[in-house]
Each structure stands twice: as structure tokens, then as C-alpha cells.
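Enquirer: Build me a model:
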Amino acid sequence: MGLLTSTLLKKTCLITGLLLLLISCKQEQKEYVEQIDLQPSSALQNMYLNDLQNCANYIDSLTLTSHIDSLRDYFKKARTAFKKIEPVLSFNDLNNYNFLNAPNILKVEEEDLTDIKINEPCSFQTLEENLFSDTPEIASVQKIAGKIHSRLLVLLRNTDLAFFKPYHVLWLVRKQFIRTATAGVTGFDSPVLESSLMDAVTAFAKAEQILELYDHKFTNSQLQLSWKEKFRQSKQFLKNSNFEDFNRYEFIKSHIDPMLVLWNDTAKDWNVAFPLQMAMDNNASSLFSKEALSLDFFADQKVTPLTEEKIALGKRLFNDPQLSTSQTISCSTCHKSELAFTDGLVTSSGLNRNSPSLTYSAYQQGFFYDKRAGSLEGQIVSVINNSQEFHSDLKRFSAHIDTDVTYIKDFKKAYATPINQHTIRTAIADYVRSLNYWNSKWDRNIRNEINTLTASEINGFNLFNGKAKCATCHFAPVFNGTVPPDFMETEMEHIGVPQIATTENATIDPDLGRFELFKTDNRKHFFKTPSIRNIALTAPYMHNGAYKTLEEVIEFYNLGGGYGIGITDQEFQTLPPDSLHLTTPEKTDLINFMKTLTDEAFLKKEYTEN
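Expert: Numbering: from 1, shown residues only. Next up, the predicted model:
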């Protein structure tokens, strides 16, 4: 009996063990199936590291030769390899990407008076401008190449893409499209070689290759075929032109926007739930639309929806002179709606700077010409406190408003809260955030809603983004200094604005701009790059109102900015000193394009349309 019991126990244990093993295998198999989405991230990492290694090898070759032809050849190969890593690097490690792709100018970071960093450029652009100049400095090239190589080796040792999920990949791919359309084809990061079109072909090919790693996610086979065909068409379109003749209007209209539509369809097909909102709205289907950019992203808080009640209240506050100490001025004194919220003066009354347009000002990272305010709310408080403007404070503001029965009612309706300093500045800021119409002749044409652009206007846009190099500072779609595709920085420039309009023997305007905040010497005469939307209504131009007409502005840039008109004692100017060599018809085309950026809201006097 004991032996039988023992045998049975052994068999029972064996069977139990086998069952447990089978269950375990099934569980492992189930887990393996569930984790299959992690496999493409491993393939993506291997692909990326291989491209990264190739780039590092080519850059290292620059340190091993002094023959100029060899240096230039290795640089071109290194730059092509860099464009292959661009989609992943710029998404996964923006700081290192910006370091490696930085313009060839000093990078100044001013956190506060005790934390100011001034960094010499050490990037692919630095190498390009040196290597392809008339007098290359080989020792400098080798030194910079060595630093870039070290940075690439650090990336090789520390990159881990295992966390990538399908939504990361979709964001990564879309970011490359937006970068190419808004900065890539403008020559922003290839200032000498102007190799932007082939760069785009390389980056698009890599984006396509990355997307193919996730073929198993598609449930709609036709959608896969549509992607392949659109990539093929886009790359062919890029290959069939040169930098100056490239039709950027057609590229965005017929290639970039359709890719955004495909991208949205893919997100739905993959059943992707995005965990947060980027600067580019997750549902954007056109680059030039009101829905494309997220107001919440730029406000750093939830500000949408901008309801009719919020806009009406903010508008009333904006136009109420009773809120100033003198009871004679309001926000609208310096920002008149019929002039796209400027005042038409050289400099505003009592101030030393021109009144900027408030339209599209929500899409910035920094406010005032010197970026002394970090938010719209901060800008509003500064204006209220300024002794040359409202000469008041929010406490007095709220005291006046709190005695007005209709204001009390409107605040409760708009914000469901009593009147306080926070809701006052929020209400005015929200009204300003509503001044983005996206219904200009330009916007409606590129969205395919109408077909009314002339050949001159289209050529003007292509010049703006090409030969004239305007878009290397005024980035689409807002045409301001907020750099796409991340929109995390609004640039400042020292373009050498003269004290008075002239074409020779000019004197720099005495306004020191950004310098006044932190006293950083190489930030003298730096000013924020404004939007040129509605520019036909916002004369005179520049921070000091020096130029009365767009023709004068175009000629200033055509001559080479400050350098070209005789301002040669300012070493930190950010414009190249060379003439753009624009012909008279090209200047006309540029101006005709800029006039298409006037919103219908101003033509129809619908100034607060949301």
C-alpha cells in the first residue's frame, strides 16, 4: 500500500509538473505575443546605431587628413549620414540634435543674471561654412570635427530606444515632415551648399524605412500602399528640381498636407491613443490651419476652448480706458484692430519702440521685442505697471472692475469665478489668443479651399523660402521666429537696423534691445523676430519704425542687412553680409506674397472671429 501510494504521488507530481510547465510555456507564449510591439524598437535601435556609427566614422576622417578636397568629400558623406539619423536623433535627444545642427553663430543662454552661458558654435553648419569658404581654416575644421566626433560617440554609448511605442514612432515621422517643410527646404541648415532638397530625400527615405518596421500594425493594406506611393512621389518631386527653382508651395500643398492626412488615418488604423498634446496638434491635417498648432502648448496651461464669453470679456477689458490711471488709454490705444492691432506710428506715444501686431502673438516663447516677458499674462502685467503706459496695477484694476455689475456678471459667465487679479490678466490674454484667424488668401489657397493665387504670389513664397532666405528667420506657418517643428524657442536676431532709413553710411539704432536685461555684451541690438502675417497693415517696420514701406524693407535685406548699408562695427550681426541679388520682379513677387498674408478678418472688419 505504501509503495503504491508513493508511486501515485510521484506520478501526480510529474503530471502536475508537466501541467505547470505547459501553463508556464503558454503564459510565456502569450507574453511574447503581447510584447511583439517591442521588436520594432530593437530593429529601430540597430538601424539608428548603424547610421550613427557611419556618421561618426566620416566625421573622424575629417580629423585625419588636411587635403581640402578630401575634407569636403568626407564632410558631404558625414552630412548625408547625419540626415539619416536626424528623424530619430531630433526626436529622442533634441539637445544634442540642436548642438550638432546649430547655426554658425554664438549661442547665448540667459537664465538669469547669475546663469549666462555663451557657447561657440560647433556643428555641421560651422564645418560647412568653414570648409566651403574661399579660405578654409583646416586646423579649425579638424578641431570642430573632433568635438562632433566625441559627441557622436557619447550618443553611441548611451542611446536606448527600447521604450519606443507606436505613438513615439508616429510623432517622430510627422516631425520629420514638418521640419522638412518649414526649415529643411529653406536652406536653414545648409547655408552654403544649399543641399536641402537631397537632404530631404535622405530624411524622407529614412522616415519611410522606420515606418516600415511597423508594418504589422496596419490593418488597412491600402493605407500602406498609399504611404509607399506618397513617399515615392515626394522624393521624386524633391529630386526633380534645384534649390532656387523648387516649388515649395506645391510641395506643401500636394505632398506635406496629404502626408498629414495619411498620418491621421494611420493613427486611427493603429488605434493609437496619444498621451499628451505636442505643439503640432495630434489631429492636424493641414500645416496652415487654425487647428494645426496647440494654443495650450504655447500657453503652458489649459486655455482652450476660448469661448465666446471669454473673448467678449477680454475684448471689453482690452478696449476699456477706465482701467488706466489717467482713464484715457486702453490696450487698443497702441493696438488698433483696423491696423492688425498696431498703431501706425513710428514708435508708440511715450515709448521708444514700434507697436508690434498682436495677431498670432500667442504662438511665441517670449514677449516684447526684448523677450523680457515669458507669457502673454506676464506681458499684460508689465504693460499695466509701466509708468509710460497704464501706470497702474492689477489691484487697482480689479478694484474698479469689482464695482461694475456687468463685469461681475461677465466674469462669472466666462470663468465661473469671482473677479481677481488672475482672471483679469487671463481674460485679456485669452482675447489676444483669439486673434489668430488663419483665413488669409494664402491660407485658403494652400488648403485647397480656393484657387486664386497669382504666379507672382506663388513665386514670392518660393523666393521667401529660397533665394531671399527670409524663412531662415521667419518660419512657416506663423512666419515668426518660433522655430519648428518643436516650437520651443523664439529666436532673436541682430540684423543691423539703422537709426534712419538709408542705403549707405548707416548708423546703428541706439536701442540696445536684449542687452538691457542681462548686460550681455554680445546681445546688444538683439530683438525678437516678429510674425509677418498681416504685414501689409502694420507699417512702419522694424523695432524703431525706421522703414515706411515694404519696398524699403526688402531693399535693406537685399543689400545684406546692416553690413550692406555700412554698419560694419557690429560683429555679432546674424545676417550674412552678402547681397541677395534679387531682381526688381523678384522684389515685387516677394511683396505680393506677403500681401496675401492679410487675414480676411481685417478685410471684413471681423477682428475677434475665433
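
Enquirer: which residues touch Asn465?
Expert: Applying CB atoms under 8 Å, 6 or more residues apart in numbering, we find Asn465 in contact with 185-186, 248, 471, 476. For the C-beta atoms, the positions are set from N, CA and C on the backbone; glycine is no exception.

Enquirer: Just give me the closest of those residues to Lys413.
Expert: Lowest distance from Lys413 to these (CB to CB) belongs to Ala476, with 37.3 Å.

Enquirer: With adjacent residues omitted, what lies nearest to that closest one?
Expert: Thr182 (4.8 Å; CB to CB, 6 or more residues apart in numbering).

Enquirer: Might you list the low-confidence residue ranges for the protein?
Expert: For the chain, the stretches flagged by pLDDT under 70 are 1-39, 391-392, 607-610.

Enquirer: Arg396 against Thr325, yeah?
Expert: Yes. Taking contacts as CB atoms under 8 Å, Arg396 lies within contact range of Thr325: 7.5 Å.

Enquirer: Mind jotting down where the helices sit in the stretch 351-500 of the chain?
Expert: Counting by DSSP state H, counting those that start in this stretch, the segments of the stretch 351-500 of the chain that form helices are 376-385, 394-401, 405-415, 421-433, 441-446, 455-464.

Enquirer: typo on my end, it should be the stretch 51-200 of the chain
Expert: Under DSSP H, counting those that start in this stretch, the stretch 51-200 of the chain gives helices at 68-92, 94-100, 124-131, 138-158, 166-182, 196-212.

Enquirer: next one: the stretch 201-350 of the chain
Expert: Along the stretch 201-350 of the chain, the segments classed as helices by DSSP H, counting those that start in this stretch run 221-239, 248-251, 257-269, 295-299, 308-318, 331-334.

Enquirer: Mind checking these for the one nearest to Gly560?
Expert: helix 248-251 (23.4 Å).

Enquirer: Counting neighbours, which bits of the closest one end up buried?
Expert: Applying a neighbour-count criterion of 16 or more other CB atoms under 10 Å, one finds 248-249, 251 buried in helix 248-251.

Enquirer: just to revisit the earlier point, dump the helices of the stretch 351-500 of the chain into a markdown table; add mean neighbour count and distance to His581 as well.
Expert: Output for those, formatted as a markdown table (neighbours: other CB atoms under 10 Å; distance: least, CB to CB, whole Å):
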| stretch | mean neighbour count | distance to His581 |
| --- | --- | --- |
| helix 376-385 | 20 | 39 |
| helix 394-401 | 16 | 52 |
| helix 405-415 | 16 | 53 |
| helix 421-433 | 22 | 39 |
| helix 441-446 | 22 | 25 |
| helix 455-464 | 21 | 12 |
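
Enquirer: Reformat these as a markdown table; add distance to Pro191.
Expert: Output for those, formatted as a markdown table (distance: least, CB to CB, whole Å):
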| stretch | distance to Pro191 |
| --- | --- |
| helix 376-385 | 33 |
| helix 394-401 | 46 |
| helix 405-415 | 48 |
| helix 421-433 | 34 |
| helix 441-446 | 26 |
| helix 455-464 | 16 |
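
Enquirer: Of all these, which one comes closest to Val192?
Expert: Closest among the helices of the stretch 351-500 of the chain, using CB to CB: helix 455-464, at 19.0 Å.

Enquirer: Give me the helices and strands touching the closest one, please.
Expert: Helix 455-464 is packed against helix 248-251, helix 441-446, helix 584-595, with contacts defined by 3 or more CB pairs under 8 Å, 6 or more residues apart in numbering; DSSP states H and E.

Enquirer: Could you dump those helices into a markdown table with distance to Leu197 added?
Expert: Listed next are the helices and strands packed on helix 455-464 as a markdown table, based on distance: least, CB to CB, whole Å:
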| stretch | distance to Leu197 |
| --- | --- |
| helix 248-251 | 10 |
| helix 441-446 | 20 |
| helix 584-595 | 20 |
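
Enquirer: and of the ones you listed, who's closest to Ile311?
Expert: Nearest to Ile311 among those is helix 441-446; the distance by CB to CB comes to 20.4 Å.

Enquirer: Tell me the helices and strands packed up against the closest one.
Expert: helix 455-464.

Enquirer: contact partners of the helix it packs on?
Expert: Residues from elsewhere that reach helix 455-464, judged by CB under 8 Å, 6+ apart: 246-249, 441-442, 470-471, 474, 582, 586, 588-596.

Enquirer: Just confirm Ala340 contacts Asn534, I think it does.
Expert: Yes. With contacts counted by CB under 8 Å, Ala340 reaches Asn534, the gap being 3.7 Å.

Enquirer: overlap in contacts of the two?
Expert: With CB under 8 Å, 6+ apart as the test, Ala340 and Asn534 both reach 357, 359, 598-599, 602.

Enquirer: from the contacts of Asn465, which is closest to Thr507?
Expert: Ala471 (29.0 Å).

Enquirer: if I pick that closest one, what's in contact with it?
Expert: With CB under 8 Å, 6+ apart, Ala471 has these contacts: 182-183, 186, 188, 464-465, 479.

Enquirer: Go through those and name the one nearest Lys409.
Expert: Out of the contacts of Ala471, the member with the shortest distance to Lys409 (by CB to CB) is Phe479, at 39.3 Å.

Enquirer: Excluding covalently adjacent residues, which one is nearest to that closest one?
Expert: Ile532 (4.7 Å).

Enquirer: tally of neighbours for that neighbour?
Expert: A total of 22 residues lie near Ile532 under the criterion other CB atoms under 10 Å.

Enquirer: measure it to Val478 for me?
Expert: 9 Å (CB to CB, to the nearest Å).

Enquirer: on that earlier part again, relative to Asp160, which of the helices of the stretch 201-350 of the chain is closest?
Expert: Shortest distance between Asp160 and the helices of the stretch 201-350 of the chain, using CB to CB, is found for helix 257-269: 24.8 Å.

Enquirer: pull the CA atoms of that closest one into CSV?
Expert: Extracted in CSV, the C-alpha atoms of helix 257-269 (Å, rounded to 0.1, in the frame of the first residue of the first chain):
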residue,chain,number,x,y,z
ASP,A,257,-0.5,68.2,-46.2
PRO,A,258,-1.5,64.8,-47.8
MET,A,259,1.1,63.1,-45.6
LEU,A,260,-0.5,64.7,-42.6
VAL,A,261,-3.9,63.3,-43.7
LEU,A,262,-2.2,59.8,-44.1
TRP,A,263,-0.6,60.2,-40.7
ASN,A,264,-4.0,60.8,-39.1
ASP,A,265,-5.5,57.9,-40.9
THR,A,266,-2.6,55.7,-39.6
ALA,A,267,-3.1,56.8,-36.0
LYS,A,268,-6.7,55.7,-36.3
ASP,A,269,-5.8,52.4,-38.1
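
Enquirer: how far away is Leu559 from Leu580?
Expert: Separation of Leu559 from Leu580 (CB to CB): 8 Å.

Enquirer: The helices of the stretch 351-500 of the chain: which one's closest to Leu262?
Expert: Nearest to Leu262, of all the helices of the stretch 351-500 of the chain, is helix 441-446, at 17.6 Å by CB to CB.

Enquirer: Identify all contacting residues around the closest one.
Expert: 249, 252-253, 257, 286-289, 450-453, 457, 461, 593, 596-598, 600.

Enquirer: What residues does Ala106 make contact with?
Expert: Just so we're on the same page, residue 106 is Leu rather than Ala. Shown in contact with Leu106 (CB under 8 Å, 6+ apart): 118-121, 522, 572.

Enquirer: Ok, Glu291 next?
Expert: So Glu291 contacts 281, 283-285 (CB under 8 Å, 6+ apart).

Enquirer: And these, which is closest to Ile68?
Expert: Taking CB to CB as the measure, Ile68 lies nearest Ala284 of these, at 45.2 Å.

Enquirer: okay, now that closest one: neighbour count?
Expert: 22.

Enquirer: before we move on, what about Val192?
Expert: As a burial measure, Val192 scores 15 neighbours (other CB under 10 Å).

Enquirer: Same question for the one 5 residues further on.
Expert: Burial of Leu197, expressed as a neighbour count using other CB under 10 Å, amounts to 23.
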